[in-house]
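**Q** let me see the structure of the following:
(2 chains)
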2 protein chains.
Amino acid sequence: MYIFRPTEFELIAQYFAPLAAPNAFGLLDDAAIIAPPLGHDLVVTKDMLVAERHFFELDPPEAIAAKALRVNLSDLAAKGAKPLGFLLGLALPDDWKPEWLERFAAGLAKDITTYDCPLYGGDTVRSSGGLTISITAFGSLPTGSMVRRTTMQACDALYVSGTIGDAAIGLEMRTLSSQNPFKTNQNKDNLYHLLNRYLLPQPRCDLAEIVRKFASASMDISDGFLGDACKMLAHNNLALTMNSNVVPVSDAVKEAIIFEPELLEKALTGGDDYELLIAVSPAKQAAFEHAVERCNVPVTRLGVAFLTEWTSRRGGIIIMDETGAPIEFVQKSFTHF
Amino acid sequence: MYIFRPTEFELIAQYFAPLAAPNAFGLLDDAAIIAPPLGHDLVVTKDMLVAERHFFELDPPEAIAAKALRVNLSDLAAKGAKPLGFLLGLALPDDWKPEWLERFAAGLAKDITTYDCPLYGGDTVRSSGGLTISITAFGSLPTGSMVRRTTMQACDALYVSGTIGDAAIGLEMRTLSSQNPFKTNQNKDNLYHLLNRYLLPQPRCDLAEIVRKFASASMDISDGFLGDACKMLAHNNLALTMNSNVVPVSDAVKEAIIFEPELLEKALTGGDDYELLIAVSPAKQAAFEHAVERCNVPVTRLGVAFLTEWTSRRGGIIIMDETGAPIEFVQKSFTHF
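**A** So this is what the prediction gives:
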């Protein structure tokens, strides 16, 4: 069957030019100008997503597009930045189809509106394997106010947004056969919640301004709660001890862990949460907690960091079970290599 | 055999943190701040390179790294911008080795110094196929002075830098067996020149300031001289007629075309030149030509554009043979799809 395949030039004009920022020259150039408002810094971030590593090739194209953009918006939120726009690098597999690309562009279009983050340009090539998406996102914040990952201090409280482990257990559910009792016994709403949290991250853009005003350090959780919290703490030889039941989990994750207790480790160390870890100094904690109360995103206080003599190799977080004994985890976080 | 594979965290610390810009927080964050000098715009561009499409997997890692950066620097030069820095997205194949990455980083390090273009951050993931590199490069120029692709006017002269077709014929040479008479008969210096021009583009950064001061429109040639010149002309219904011997070619390309006349088409329509097409209005042509004379990059005047009634589908450039008859080309430029 002959399938019409537009050239790169036609492909950009048809699918991506309608998504372009007003000042992106209709994507007719090889470059664009990005300017933050006066008195603001430009924050840049880049995340690559690869088929069968970060998403499934047969996921809805709209969801793949949204996820690729949202994981970058999550990084911007963690830095306290407001989205400004993005560049899209797209390596399409040999068998791509126009209908697929149309749905992909529709998914992007929706999020461009939701997050007010237009397309400024990019590059479209043929992949040597599966679909690969490389987005560079731009954000802005008042000059000098970017919140870093490595600046947490002793006595800072550590907070986390939303719930942890949904996406990792959602991914686990996808890999089980439909006859698996774990899957068939699960409450259908809960199952849907878990699958959806893997498919479609919710970047915490609503927290960006609060992070910028109150946080001493912040990062988004993409490679697992435990490993990412360790990265944030261990850099300055900080530690934090907490009971496992302090970590906020959804009813769906609770149900899954009751059925299969070993999933606690998956929940705490699996990837794709895209929640924020936020450190706040003692002087700002009351104001921070007051500000988040007026926001629609739940935020949980995990504990207070203290100085330790551990090396960064040892990590910086100890999670205890209900008896107060530290839980040993096989692998603290997702790793590609 | 057990091969030591660092985690992404260690990999960044070991290979890429030494390449980081002083204000890139040692690559310990998920984002960076990029700021052009006061009174300057930030120009952004993004090119993706895929193994076996844009380079060969077994090319020297230093050359792969340099090419990935340089094709982006070429875009900046065409816009009149000075390099500021870049983000590196790297999707590594399953069998990547630390020694390979060390050489890749060394190649980047060399170009970072040569072009004064430090690393600001990026992302490293596992590829679903071959090596894929997605670089986003940043440049700066005085506010409002970015030179666009689509702004060429009737009566503008069109110029091109360097020589055309070396890389496309170099690529052709690589695909021939070592016993092919075409390859064995070729002068060894010429052969080396052609192969090297494919392997290692020379971005015309030295022309950036001249482009910015004098050009009415500009673009770099990445998908073939003829097709790219058509894009630039046809957008405003412009045309240009020229004799094929006006196109600047190297001695090596001349030798190849004498041996095999059909290679003229490959030279004029093949990709990977990374030379600049520069349009200059009548009032500025004398000053432009004077400025390029004092520059080390040869620049050739191709002709003057005139208004036509062709649609953009018909293209905007006619190349004639020595008898004045137009040459018909099968395919005007490289296309991925």
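**Q** which residues in the stretch 1-150 of chain A form strands?
**A** Assigned by DSSP state E, counting those that start in this stretch, the stretch 1-150 of chain A shows strands spanning A:32-34, A:40-50, A:82-92, A:119-126, A:132-142.
**Q** and residue B:10, which of these is closest to it?
**A** Residue B:10 lies closest to strand A:40-50 among the strands of the stretch 1-150 of chain A, at 18.4 Å (C-beta to C-beta). Any C-beta I mention is one placed from the backbone N, CA and C, and that applies to glycine too.
**Q** now do that closest one against strand B:40-50, angle only.
**A** Here strand A:40-50 runs at an angle of 10 degrees relative to strand B:40-50 (axes from the mean of the first three to the mean of the last three C-alpha atoms, to 10 degrees).
**Q** how far does strand A:40-50 sit from its chain's centre?
**A** How far strand A:40-50 lies from its chain's middle: 12 Å, per C-alpha atoms, centre = their mean, to the nearest Å.
**Q** and it, average pLDDT?
**A** For strand A:40-50, mean pLDDT is 96.
**Q** quick one: is it near chain B?
**A** Yes: contact of strand A:40-50 with chain B (C-beta under 8 Å from any C-beta of the partner chain) involves A:41-50.
**Q** can you list the strands of the stretch 1-150 of chain A in TSV and add mean neighbour count and distance to residue A:281?
**A** Formatted as TSV, the strands of the stretch 1-150 of chain A follow (neighbours: other C-beta atoms under 10 Å in any protein chain shown; distance: least, C-beta to C-beta, whole Å):
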stretch	mean neighbour count	distance to residue A:281
strand A:32-34	24	32
strand A:40-50	25	22
strand A:82-92	25	23
strand A:119-126	24	36
strand A:132-142	27	19
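**Q** using JSON lines, lay out the ones you listed together with distance to residue A:327.
**A** Formatted as JSON lines, the strands of the stretch 1-150 of chain A follow (distance: least, C-beta to C-beta, whole Å):
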{"stretch": "strand A:32-34", "distance to residue A:327": "45"}
{"stretch": "strand A:40-50", "distance to residue A:327": "30"}
{"stretch": "strand A:82-92", "distance to residue A:327": "37"}
{"stretch": "strand A:119-126", "distance to residue A:327": "44"}
{"stretch": "strand A:132-142", "distance to residue A:327": "35"}
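**Q** give me the number of residues near residue A:115?
**A** Counted with other C-beta atoms under 10 Å in any protein chain shown, the neighbours of residue A:115 add up to 20.
**Q** now residue A:300: which helix or strand?
**A** For residue A:300, the host element (DSSP states H and E) is strand A:299-304.
**Q** residues in contact with that strand?
**A** Strand A:299-304 is contacted by residues A:155-161, A:207, A:229, A:240-242, A:246-248, A:278, A:289, A:292 when judged by C-beta atoms under 8 Å, 6 or more residues apart in numbering or on different chains.
**Q** biggest separation within the residues of strand A:40-50 next to chain B, which pair?
**A** A:41 and A:50 (30.0 Å).
**Q** SS state for residue A:248?
**A** For residue A:248, the assignment made with DSSP: H, G, I helix; E, B strand; the rest coil gives coil.
**Q** ok, now how distant is it from residue A:275?
**A** Here the criterion is C-beta to C-beta, to the nearest Å. By it, residue A:248 lies 9 Å from residue A:275.
**Q** quick one: whichever strand or helix holds residue A:268 to chain centroid distance?
**A** Assigning secondary structure by DSSP H and E places residue A:268 in helix A:263-269. Counting by C-alpha atoms, centre = their mean, helix A:263-269 is centred 17 Å from the centre of its parent chain.
**Q** so which elements touch it?
**A** The contact analysis (3 or more C-beta pairs under 8 Å, 6 or more residues apart in numbering or on different chains; DSSP states H and E) places helix A:263-269 against helix A:166-175, helix A:225-234, helix A:251-259.
**Q** let me have those helices in TSV, extended by mean neighbour count and distance to chain B.
**A** Output for these, formatted as TSV (neighbours: other C-beta atoms under 10 Å in any protein chain shown; distance: least, C-beta to the nearest C-beta, whole Å):
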stretch	mean neighbour count	distance to chain B
helix A:166-175	21	16
helix A:225-234	24	7
helix A:251-259	18	25
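**Q** got the ones you listed as a markdown table, with distance to residue B:297 and mean pLDDT columns?
**A** Converted to a markdown table, the helices and strands packed on helix A:263-269 look like this (distance: least, C-beta to C-beta, whole Å; pLDDT from 0 to 100):
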| stretch | distance to residue B:297 | mean pLDDT |
| --- | --- | --- |
| helix A:166-175 | 52 | 94 |
| helix A:225-234 | 46 | 91 |
| helix A:251-259 | 61 | 94 |
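**Q** ok, which of those comes nearest residue A:59?
**A** Of all the helices and strands packed on helix A:263-269, it is helix A:166-175 that lies closest to residue A:59, at 9.7 Å by C-beta to C-beta.
**Q** quick one on the thing from earlier: what about the strand holding residue A:300, distance to the chain center?
**A** Counting by C-alpha atoms, centre = their mean, strand A:299-304 is centred 19 Å from the centre of its parent chain.
**Q** buried ones in that strand?
**A** Across strand A:299-304, burial judged by 16 or more other C-beta atoms under 10 Å in any protein chain shown covers A:299-302, A:304.
**Q** beyond it, next helix or strand please.
**A** Downstream of strand A:299-304, the next assigned helix or strand under DSSP H and E is strand A:306-307.
**Q** list of residues touching the helix or strand following that next one?
**A** Next in sequence after strand A:306-307, counting helices and strands by DSSP H and E, comes strand A:317-320. Contact partners of strand A:317-320, identified using C-beta under 8 Å, 6+ apart, comprise A:226, A:229-230, A:233, A:239-244, A:247, A:268, A:326-327, A:329.
**Q** so what's residue A:63 up against?
**A** Listed by C-beta under 8 Å, 6+ apart, the contact set of residue A:63 reads A:55, A:107, A:199-200.
**Q** save these as TSV, and put in pLDDT and distance to chain B too.
**A** Listed next are the contacts of residue A:63 as TSV, based on pLDDT from 0 to 100; distance: C-beta to the nearest C-beta, whole Å:
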residue	pLDDT	distance to chain B
A:55	95	11
A:107	97	20
A:199	96	18
A:200	96	20
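**Q** can I get those in TSV with neighbour count?
**A** As requested, these are exported to TSV (neighbours: other C-beta atoms under 10 Å in any protein chain shown):
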residue	neighbour count
A:55	22
A:107	21
A:199	20
A:200	19
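**Q** next, work out how far apart residue A:260 and chain B are.
**A** For residue A:260, the distance to chain B (C-beta to the nearest C-beta, to the nearest Å) stands at 27 Å.
**Q** which non-adjacent residue is nearest residue A:248?
**A** Among residues not flanking residue A:248 along the chain, residue A:300 sits closest, at 4.3 Å (C-beta to C-beta, 6 or more residues apart in numbering or on different chains).
**Q** identify the residue spatially nearest to the residue of chain A found nearest chain B, adjacent ones excluded.
**A** Of all residues in chain A, residue A:129 sits closest to chain B, at 1.9 Å by C-beta to the nearest C-beta. Nearest-residue entry for residue A:129: residue B:129, 1.9 Å, with adjacent residues in sequence omitted and distances by C-beta to C-beta, 6+ apart.
**Q** so which of the helices and strands packed on helix A:263-269 is nearest residue A:82?
**A** Among the helices and strands packed on helix A:263-269, the nearest to residue A:82 by C-beta to C-beta is helix A:225-234 (22.4 Å).
**Q** same for the very next helix or strand once past the closest one, what does it pack against?
**A** Toward the C-terminal end, the helix or strand that comes next after helix A:225-234 (DSSP H and E) is strand A:238-243. Packing partners of strand A:238-243 (3+ C-beta pairs under 8 Å, 6+ apart): helix A:225-234, strand A:299-304, strand A:306-307, strand A:317-320.
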